[in-house]
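**Q** pasting a predicted model and its sequence here:
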Amino acid sequence: MILDLGLEKKVILVTASSRGLGKAVAIAMAKEGAHLVICAREKAELIQTARIIDKYGVKCLAIKCDLTKYEEVQNLIKETLETFGTIDVLVANCGGPPAGSFSEFKIEDWKNAINQVLMSSIFLCKEIIPVLKQKKKGRIIFITSVSVKQPIKGLILSNVTRAGVAGLSKSLSEELGQDNILINIVCPSYTNTQRVEELADFLSIKQGISKEKVIQNWGNLNALGRIAEPEEIANVVVFLASTQASHITGVALQVDGGYIKSLY
C-alpha cells in the first residue's frame, strides 16, 4: 500500500529555508508535490534552493525576508497570499543563536536571541493564524531542538528561547484545536547542517580537539552512535504536515536517535 500524504498542490511556507533543515524540509515537501514558499535573509542561496525545488515540477516562490522584522514577515505573508491565494502549512524554522555560557553574553545578545528565535515565531503566527482560522484548517510546525526537553550545555541562549517557542506551540494548540489547526514542534538533536559545523568549530578550538572528534562525541551521546542527516528530520516534518497526522497536536516530538534519556 502506498501511503497518501495528501500534500500535493498544498501551499507550504518554510522559513529559513535556503540551507540546512529548512532546505531539506522544503525539498522533501516538493517531492510530495506541494507548492513552496521559501525565505531567508540571503537572496543568492535562496535562489539556488528554489532552482532545486523547481526540478520537481512544483511552484516555488522565493522571498528575501528577515524574520526578526515584523514588517518583513507581514510582506512575506502578503506576497504568499497574492501569489497562491492561501497557505496550508507553516514550517517555522530559524537559525540558532551563538554558543556560550550565561556570563559571556550581554543584554543585547539576549535581546537578539529572543528576536531571532521567539519573536520571529510570534510574528509568523500573528500573520498566518487569521488565514488558517478563516479556512478552519491548517498546520503549524515549529522546528526547535531537543534542548526544550533537556538543556544543552553551552547553548544557554538557544535553551531559553526555544523553550519559549515550545510554550507558544502548546498554548496555541489548545486555543486553535477547535478550528482544526494542528500545532506541533519537532525537536532535532545534533544534525549534519552548517549550524552544527559552526558549533563544532567553536568547540574544537575551546576543547583543543578536532572538529571531527567533536561531531563523533555528539553522535556517541545517542543510541544510534551518530548525528542525524537533515533528510531524517525533514521526513518527520512532512508526516506531521500530512493528512495522515490528523489527530496529532500539541506534541513536542524529538527526532534525536535516542539522545533524550527520559521516559517522556
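**A** Sure thing, it's come through. Numbers count the residues shown, from 1 in each chain.
**Q** for the protein, what spans make up the helices?
**A** Secondary structure of the chain (DSSP state H): helices at 20-31, 43-54, 70-84, 107-113, 120-135, 156-176, 194-207, 211-219, 230-241.
**Q** wait, isn't R226 in contact with D256?
**A** No - using Cβ atoms under 8 Å as the test, R226 is too far from D256 to be in contact (11.5 Å). (Each C-beta comes from the backbone N, C-alpha and C, glycine too.)
**Q** more neighbours, those two?
**A** Comparing R226 with D256 by other Cβ atoms under 10 Å, the one with more neighbours is D256, at 23 against 14.
**Q** and the more buried one, what does it touch?
**A** V146, C187, P188, S189, N222, A228 (Cβ atoms under 8 Å, 6 or more residues apart in numbering).
**Q** report the beta-bridge partners for the last one.
**A** Read that as A228. T191 (DSSP bridges).
**Q** distance-wise, check it relative to E104.
**A** Distance of A228 to E104, computed by Cβ to Cβ, to the nearest Å: 28 Å.
**Q** tell me which of the two has more neighbours.
**A** A228 (22 against 12).
**Q** returning to what we had before: between which two of the contacts of D256 is the distance greatest?
**A** C187 and N222 (12.7 Å; Cβ to Cβ).
**Q** quick one, which of the two is more surrounded?
**A** Neighbour totals were compared for C187 and N222, and C187 leads with 25 against 19 (other Cβ under 10 Å).
**Q** bridging residues for that one?
**A** Q254.
**Q** A228 versus that one, what's the distance?
**A** Counting by Cβ to Cβ, the gap from C187 to A228 is 11 Å.
**Q** anything in contact with each of these two?
**A** In contact with both C187 and A228: V255, D256, using Cβ under 8 Å, 6+ apart.
**Q** follow-up on the earlier one: for the helices of the chain, state which one has the densest average packing.
**A** helix 20-31 (a mean of 25; mean count of other Cβ atoms under 10 Å).
**Q** I'd like to know which elements it is packed against.
**A** Under the contact criterion of 3 or more Cβ pairs under 8 Å, 6 or more residues apart in numbering; DSSP states H and E, helix 20-31 touches strand 11-14, strand 35-40, helix 43-54, strand 89-92, strand 138-143, helix 230-241.
**Q** avg pLDDT for it?
**A** Here helix 20-31 scores 97 as its mean pLDDT.
**Q** same check, this time on stretch 211-227
**A** 93.
**Q** can you measure across that stretch, start residue to end residue?
**A** End-to-end distance for stretch 211-227, by Cα to Cα, to the nearest Å: 14 Å.
**Q** show me where the protein dips below the pLDDT cut-off.
**A** Along the chain, segments meeting pLDDT under 70 span 1-2.
**Q** tell me the contacts of the closest residue to Q74 other than its chain neighbours?
**A** Counting by Cβ to Cβ, 6 or more residues apart in numbering, Q74 lies nearest to E127, which is 5.9 Å off, once chain neighbours are set aside. Neighbouring residues of E127 by Cβ under 8 Å, 6+ apart: V73, Q74, L76, I77.
**Q** quick one: E127 from I205, how far?
**A** Between E127 and I205 the distance is 40 Å, computed by Cβ to Cβ.
**Q** same thing with G167?
**A** The gap separating G167 from I205 is 34 Å, by Cβ to Cβ.
**Q** check T161 too.
**A** Distance, T161 to I205, using Cβ to Cβ: 24 Å.
**Q** for S246, same thing?
**A** S246 is 47 Å from I205, by Cβ to Cβ.
**Q** again, but for V131
**A** 45 Å.
**Q** please apply the same query to A166.
**A** 31 Å.
**Q** what of T49?
**A** T49 sits 30 Å away from I205, going by Cβ to Cβ.
**Q** again, but for N115
**A** Going from N115 to I205 by Cβ to Cβ gives 27 Å.
**Q** what does K64 give?
**A** When distance is defined by Cβ to Cβ, K64 is 32 Å away from I205.
**Q** residues near the residue nearest to T86 when sequence neighbours are not counted, how many?
**A** Excluding the flanking residues, the one nearest T86 by Cβ to Cβ, 6+ apart is V11, at 5.6 Å. V11 has 19 neighbours, counted by other Cβ under 10 Å.
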